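K.L.:
The following block contains a protein sequence and its predicted model.
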Amino acid sequence: MGLSDQLLWEVQWHGASGQRVRRFYLTRRKLRWLYALAALAGLFLLAVLGALPVGVRGYLERFTVKAVRQENKRLARERQALEERAWETAQALEARLHRAARLAWMVGVTPPPLGELPPPEDRQRLLGFLAEESQKLAALGDTLAAASGSPCPLSALPTAWPLDLPLAVPVGRFGVRVSPFTGQEEPHYGLTLAAPRGTKVLAAGEGRVVYAGTPRERRANIWTRLGTLVVLDHGGGVASLYGHLDGTLVRAGQQVKRGQVIATAGSSGWTRVAALYFEVRWPVGGASVPVDPLLLQLALPLPELAARLGDPTAGVGAGAPPLDSLVSGVRR
């Protein structure tokens, strides 16, 4: 027997009733195996205990990461909604400020410089625009509340649209254009709005009718081109003119209210379609001259507003014939 097989312990088990005696021997070799198995079992237990926190942590992290991702998605949706709301608010602010600037021009107040609406993706500039332009609007509101420089009463300002808006299609803008009849560039002193024949034409503001009829002259001029006309005097050098009419419903000397039906749209004068010619005269430089009617239409956008406010006649109004040549010099 080798050294490794040397007996260390002997365990005997005696059964009851004279059963056979069972003996268990522990040698050095078996003890070493027991030590080795015990060491392996210990290492395995340590590995399990060491891996247990990692597994639990990973299990918990899965829920934590999922919750964080869900929260990030929710915050991203909220941020997008806020950005969209900020953009809509900026657009509404710009529209209100433009209306206030036009109203300021009408009552003789110099409007502040208007900021440019930044693109929606530029969040920093958009926030700055909201802060700066809202302050301008508030200050302009205070100024307008105390203003009293309107050339005519506020109720007389020709700020109402002369046609039912859905029925009007702009076919001629204010400014220099190529005439569809002569093929030459010439000033167009108002707006030409295509509309079905018989469409009701409304007074843009309270005023007195100073002309209602059809100019009759031997040769064509600007008045005969416009066919049947109605001219309203709103006071203070402010007047509005309605041309290409099918018929008039008012007479000279009559007082009318804003929104009152004064005529119907037609195709009299130089026009290829049933339409309304709408012109506004405003005191500029001591004379009543045509200005862009959209300056007074607060509900409608006007591109390049700052330039229009700086030169409301767009360089063409000064050459227009005075209304006196129609009211006084033409047989009604």
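P.N.:
That came through fine. Numbering: from 1, shown residues only.
K.L.:
Can you give me the neighbour number for the residue lying closest to Lys257 once chain neighbours are set aside?
P.N.:
Spatial nearest neighbour of Lys257, excluding adjacent residues (C-beta to C-beta, 6 or more residues apart in numbering): Glu206 at 5.5 Å. From N, CA and C alone the C-beta is placed, and that goes for glycine too. Glu206: 22 surrounding residues under other C-beta atoms under 10 Å.
K.L.:
One more: Thr271?
P.N.:
Using other C-beta under 10 Å: Thr271 sits among 23 other residues.
K.L.:
With Leu309 instead?
P.N.:
Neighbours of Leu309 using other C-beta under 10 Å come to 19.
K.L.:
Kindly report the same for the one 4 residues further on.
P.N.:
Other residues within reach of Thr313, judged by other C-beta under 10 Å, total 22.
K.L.:
what about it, which SS state?
P.N.:
coil (DSSP: H, G, I helix; E, B strand; the rest coil).
K.L.:
show me what contacts it?
P.N.:
Shown in contact with Thr313 (C-beta atoms under 8 Å, 6 or more residues apart in numbering): Val284, Val289, Pro290, Val291.
K.L.:
Make JSON lines from these and add distance to Leu326, neighbour count and pLDDT to it.
P.N.:
Output for the contacts of Thr313, formatted as JSON lines (distance: C-beta to C-beta, whole Å; neighbours: other C-beta atoms under 10 Å; pLDDT from 0 to 100):
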{"residue": "Val284", "distance to Leu326": "19", "neighbour count": "16", "pLDDT": "88"}
{"residue": "Val289", "distance to Leu326": "14", "neighbour count": "21", "pLDDT": "93"}
{"residue": "Pro290", "distance to Leu326": "13", "neighbour count": "27", "pLDDT": "94"}
{"residue": "Val291", "distance to Leu326": "18", "neighbour count": "26", "pLDDT": "93"}
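K.L.:
From the residues you listed, which land in strands?
P.N.:
The strands, defined by DSSP state E, take in Val284, Val289, Pro290, Val291 from these.
K.L.:
and the two most separated of the residues you listed?
P.N.:
Val284 and Pro290 (9.3 Å; C-beta to C-beta).
K.L.:
what residues are shared contacts of those two?
P.N.:
Common neighbours of Val284 and Pro290 (C-beta under 8 Å, 6+ apart) are Thr313, Gly317.
K.L.:
Verify the contact between Pro322 and Ser288 for me.
P.N.:
Yes - in this structure, Pro322 is within contact of Ser288 by C-beta atoms under 8 Å, at 7.4 Å.
K.L.:
if you count what's nearby, which of the two comes out ahead?
P.N.:
Between Pro322 and Ser288, counting by other C-beta under 10 Å, Ser288 is the more crowded of the two (21 against 13).
K.L.:
tell me the contacts of that one?
P.N.:
So Ser288 contacts Gly237, Val238, Ala239, Arg281, Trp282, Pro322, Leu323 (C-beta under 8 Å, 6+ apart).
K.L.:
Selecting buried members of these in PyMOL, what would you type?
P.N.:
In PyMOL, this line selects whichever of the contacts of Ser288 come out buried by 16 or more other C-beta atoms under 10 Å:
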select buried, resi 237+238+239+281+282+323
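K.L.:
out of the contacts of Ser288, who's nearest Val261?
P.N.:
Distances from Val261 to these, taken by C-beta to C-beta, are shortest for Ala239, at 18.9 Å.
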